[in-house]
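Enquirer: no FASTA, just this:
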């Protein structure tokens, strides 16, 4: 049986691949469930410090939901569709968003619907020059259901997001960069190496500090500034007595004066 989410380990970085290339890596229920299993295992493996998520083949990161499977759930009524499809997809994107280790999407092709929502949810994203994005759910007479109506406006702003959500028209990687959906656009052949280099810039820092930044930024985004500052304070307090912070401060103090001033 074909592995839906193959995993390759590269010196502390796990490369996960959405592996249904004949279906443009559509997000079947089984694929989503397998991705969640992979994330559960990675989270408790201290040897893995970061995750890169990409798509198999040359055409797609993920073209979105498996429409045939989703249609079957809809045919059984709203309760089935919400349970099988909406909750599963929202749980997946929430897991990616709140994951304690950095998750970087390497968008190698089409990122439509649920594929775009994964890109919205992960911490960082690098796009190939061949990538294309779209929010096409409106063309199916429905809104996005994996968090796209909530995360995209927070990234792009309400009016820019609504234009994409209400027209369903595809947009380029350069536009995705301009609205904050991706961090950078690179030549197609450089995609995985660029994502890997970004991951390694992050994992050179202590894991506790990385997790604290992710948690504070992710949780605080949807809170008032005062509530967000409390989250930030709590994340610092968790680190204050730990060896990695003491070591970091000691190393900083031991630097030559000019280096310490410039960071």
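Expert: Structure's in. What do you need? Just so it is clear, the model here is predicted, and its values are computed rather than measured.
Enquirer: and residue 126, that's in a strand?
Expert: Yes - assessed with DSSP: H, G, I helix; E, B strand; the rest coil, residue 126 lies in a strand.
Enquirer: please report the distance of the residue nearest to it when sequence neighbours are not counted from residue 107.
Expert: In space, residue 126 comes closest to residue 195 once its chain neighbours are excluded; the distance is 4.7 Å by Cβ to Cβ, 6 or more residues apart in numbering. (Each C-beta comes from the backbone N, C-alpha and C, glycine too.) For residue 195, the distance to residue 107 equals 9 Å [Cβ to Cβ, to the nearest Å].
Enquirer: between the two, what contacts are shared?
Expert: Common contacts of residue 195 and residue 107, defined by Cβ atoms under 8 Å, 6 or more residues apart in numbering, comprise 54, 126.
Enquirer: circling back: so which strand or helix has the residue nearest to residue 126?
Expert: helix 191-203 (DSSP states H and E).
Enquirer: outside of that helix, which residues touch it?
Expert: 10, 12-13, 15, 49-50, 52, 54, 102, 104-108, 124, 126-128, 183-184, 186, 210.
Enquirer: now, these that are in helices?
Expert: Counting by DSSP state H, the part of the contacts of helix 191-203 found in helices is residue 210.
Enquirer: so where is the protein shaky, pLDDT-wise?
Expert: Applying pLDDT under 70 to the chain flags the ranges 257-263.
Enquirer: ranges for the helices of it?
Expert: With DSSP H as the criterion, the chain has helices spanning 29-43, 67-75, 78-81, 87-98, 114-121, 148-156, 158-167, 173-178, 191-203, 207-220, 225-239, 243-253, 257-262.
Enquirer: next, residue 20: phi, psi?
Expert: phi -140, psi 60 (degrees, to the nearest 10).
Enquirer: quick check: closest non-adjacent residue to it.
Expert: Counting by Cβ to Cβ, 6+ apart, the residue nearest residue 20 is residue 26, at 5.9 Å.
Enquirer: what sits against the one you found?
Expert: Applying Cβ under 8 Å, 6+ apart, the residues near residue 26 are 20, 62, 63, 64, 65, 66, 67.
Enquirer: how about those residues in CSV, adding distance to residue 39?
Expert: Output for the contacts of residue 26, formatted as CSV (distance: Cβ to Cβ, whole Å):
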residue, distance to residue 39
20, 18
62, 16
63, 21
64, 20
65, 19
66, 20
67, 25
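Enquirer: by neighbours, which of those residues wins?
Expert: residue 62 (31 neighbours; other Cβ atoms under 10 Å).
Enquirer: residues contacting that residue?
Expert: Residue 62 sits in contact with 18, 24, 25, 26, 27, 55, 110, 111, 112, 114, 115, 118, where contact means Cβ under 8 Å, 6+ apart.
Enquirer: what bridges to it?
Expert: Bridge pairing for residue 62 (DSSP bridges) gives the partners residue 111.
Enquirer: how much space separates it from residue 94?
Expert: 17 Å.
Enquirer: same question, residue 39
Expert: 11 Å.
Enquirer: more neighbours: those two, which one.
Expert: residue 39 (20 against 14).
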